[in-house]
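Engineer: Next comes the sequence, and after it the predicted model I'd like to discuss.
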Amino acid sequence: MASWVQAVRAQFVPPSFIPVTLAAAIAWARHDVFDPVAFLLVFIGVTVHHFGLNMLDDVFDYVHAVDRAWGGEKNPYTGGSGVLTEGILTVGDLKRGIAVCYGVTIAVWICLAGLKGWPVLLIGAVGILSSIFYTVPPVKFAYRGYGELGLLVNFGPVLVMGSYYVQRQTFDIEPLVVSLIPGFLMWSMIVINEIPDYEEDRRSGKMNLVARFGRETGMILYGAGLLFAFGILAGTVLVGLAPLPVLLGLLALPTALRSVRILREHYRDRLMVIPANLAVIKVYLITGVAMIVGYLVHGVTGW
């Protein structure tokens, strides 16, 4: 069991279920709509899907020699789960796990489409196909410098709008704009995790944005993602698109600034940068949970 918990990389799964919870909170707070059965199905589907995605990435990064034992201590927030490189599980084991996860995901997707309509099929297809071709040939867009943008879109607008549509059977501008906040936070999370893997990624041909343009550019991209996320958060409230309590999400700003400082000082040291890797996970969790609470407060109080 411990091996499989390590394989699915549970610490990186909140970027799936926090956006769908945020979307449900928006639908309830703004329109007094909440379908608990649909929400539970979406929650299960995206979480299990993320488990499968993490294992799929592990398999193909291992096959493409991205995640191998290059020597030295490992940053626990980069370079895959380690179950293959450490010999804990085999590629065959992970392939069976992937099949189970994607089977559950597709079953939930079809069920939701039957309950809520054909747009669910389209949204689900974008998410599932994007996850498959993130590292799977011949597309493997994570190796071509498009992985960061793909994660921004899928862990932002796709998840939020999909969950919102399941609740309301319509699309609105507020959840679309708000979805960019978790999207850009996910962008920053993936960029900072690529920086310690710079040498390995270049050696193996995984030319993500950091491998393509360098660690210094990676620091700029990381900071830009945080800037856009918190700027959009504050901006949506200032223009009246989101309610005032959503500003609770800014509670994560000090942690975000600390992560930037640590990264600037230690971006060439894969071990000294670990606190920054951990900090951005905290930033994501604090921001997402605080925004959900903010919408719930608005729904109860009307503020």
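Structural biologist: Sure, I can see it.
Engineer: any idea which residue sits dead centre in this protein?
Structural biologist: A centroid search over the chain (C-alpha atoms, centre = their mean) returns Pro15, at 3.8 Å, as the residue closest to the centre.
Engineer: Surely it is in contact with Phe155?
Structural biologist: Yes: here Pro15 reaches Phe155: they are 4.9 Å apart, a contact under C-beta atoms under 8 Å. Heads up, the C-betas are built off the backbone N, CA and C, glycines and all.
Engineer: Please identify every residue contacting each of these two.
Structural biologist: Pro182, Met186 (C-beta atoms under 8 Å, 6 or more residues apart in numbering).
Engineer: Now do the same for the residue nearest to the centre of the chain: helix, strand or coil?
Structural biologist: helix (DSSP: H, G, I helix; E, B strand; the rest coil).
Engineer: what's near enough to touch it?
Structural biologist: Contacts of Pro15 (C-beta under 8 Å, 6+ apart): His50, Phe155, Pro182, Leu185, Met186, Met189, Tyr284.
Engineer: residues contacting the third one?
Structural biologist: Residues counted as contacts of Pro182 (C-beta under 8 Å, 6+ apart) are Pro15, Ile18, Pro19, Leu22, Phe155, Gly156, Leu159, Val160, Ala229, Tyr284, Thr287, Gly288.
Engineer: Could you report the neighbour count for the fourth one?
Structural biologist: As a burial measure, the neighbour count of Leu22 was computed by other C-beta atoms under 10 Å and equals 28.
Engineer: repeat for the last one
Structural biologist: Applying other C-beta under 10 Å, we find 22 residues neighbouring Gly288.
Engineer: wait, it sits on Pro19?
Structural biologist: Yes: if you go by C-beta under 8 Å, Gly288 and Pro19 touch, sitting 7.4 Å apart.
Engineer: residue boundaries of the helices in the stretch 51-200 of the chain?
Structural biologist: 91-116, 119-132, 147-153, 159-168, 173-194, 198-204 (DSSP state H, counting those that start in this stretch).
Engineer: re the thing from before, could you give me the ChimeraX selection string for whichever of the contacts of Pro15 are buried?
Structural biologist: Those of those that count as buried under 16 or more other C-beta atoms under 10 Å are selected in ChimeraX with:
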select :50,155,182,185,186,189,284
